[in-house]
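> This is a predicted model, with the sequence first.
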Amino acid sequence: MKSTNYTSTYIAVAEDCPAINAQIPQAASKGPTIASLQHELLSGRPYELTSEDLIFRVHPLRKGLDPDDGEARAAFFSTSQACLRSSPLAKRYGWALHHDADGRVALVGLGSELYDELSRDASLTQTRALRSRRRAAS
């Protein structure tokens, strides 16, 4: 299994993100969304979870499983998983993701001074969230 964790990395919002400022994602009528769960977990625990911790914690919350079940986590990561560059937080809601040197992640809101500061930080690997739409052929 390839790790989805990043270290010393800044994932800026996607080029085609529709948000001009960070927005808090709302749960859908049928329950929490991936975005609302990720936001809830990260906003309450900055620099506490790694990408893999976050990705796995959302899975059992949506499926009604035990998030502390080590076997379920191993089974979940036995297949490849999308990294946080595909997170709806960074693609739709205007949240960048800052990973510290230990791989722990925190949210950084688009439109904040910290967003601009981290996007210029040469000590971090700079990348963007994945685009939601393909570019038109030229």
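That came through fine. Residues are numbered from 1 along each chain as shown.
> ok, and the helix or strand in this structure with the lowest average confidence?
One helix or strand of the chain scores below all others by mean pLDDT, DSSP states H and E: helix 70-76, with a mean of 81.
> hmm, who's touching it?
56, 59, 60, 65, 66 (C-beta atoms under 8 Å, 6 or more residues apart in numbering). Yep, even glycine has a C-beta here, placed from its N, CA and C like the rest.
> residues of that helix that come out buried?
Buried positions in helix 70-76, judged by neighbour count with 16 or more other C-beta atoms under 10 Å: 72, 73, 76.
> cool, stretch 100-114 as well?
In stretch 100-114, counting by 16+ other C-beta under 10 Å, buried: 100, 103, 104, 105, 106, 107, 108, 109, 110.
> Show the average pLDDT along it.
Here stretch 100-114 scores 97 as its mean pLDDT.
> cool, stretch 36-52 as well?
Confidence for stretch 36-52, expressed as mean pLDDT, is 94.
> can you offset everything so residue one is 35?
Done: numbering now begins at 35, and the last item shifts to stretch 70-86.
> got a list of what the residue nearest the centre of the chain touches?
In the chain, the centroid-proximal residue (C-alpha atoms, centre = their mean) is residue 118; its distance is 4.0 Å. Taking C-beta under 8 Å, 6+ apart, we find residue 118 in contact with 38, 40, 45, 85, 88, 89, 124, 131, 139, 163.
> My guess is residue 46 contacts residue 154. True?
No - using C-beta atoms under 8 Å, residue 46 makes no contact with residue 154, being 10.7 Å away.
> So which of the two has more stuff around it?
Set side by side, residue 46 and residue 154 show more neighbours around residue 46, with 20 against 9, by other C-beta atoms under 10 Å.
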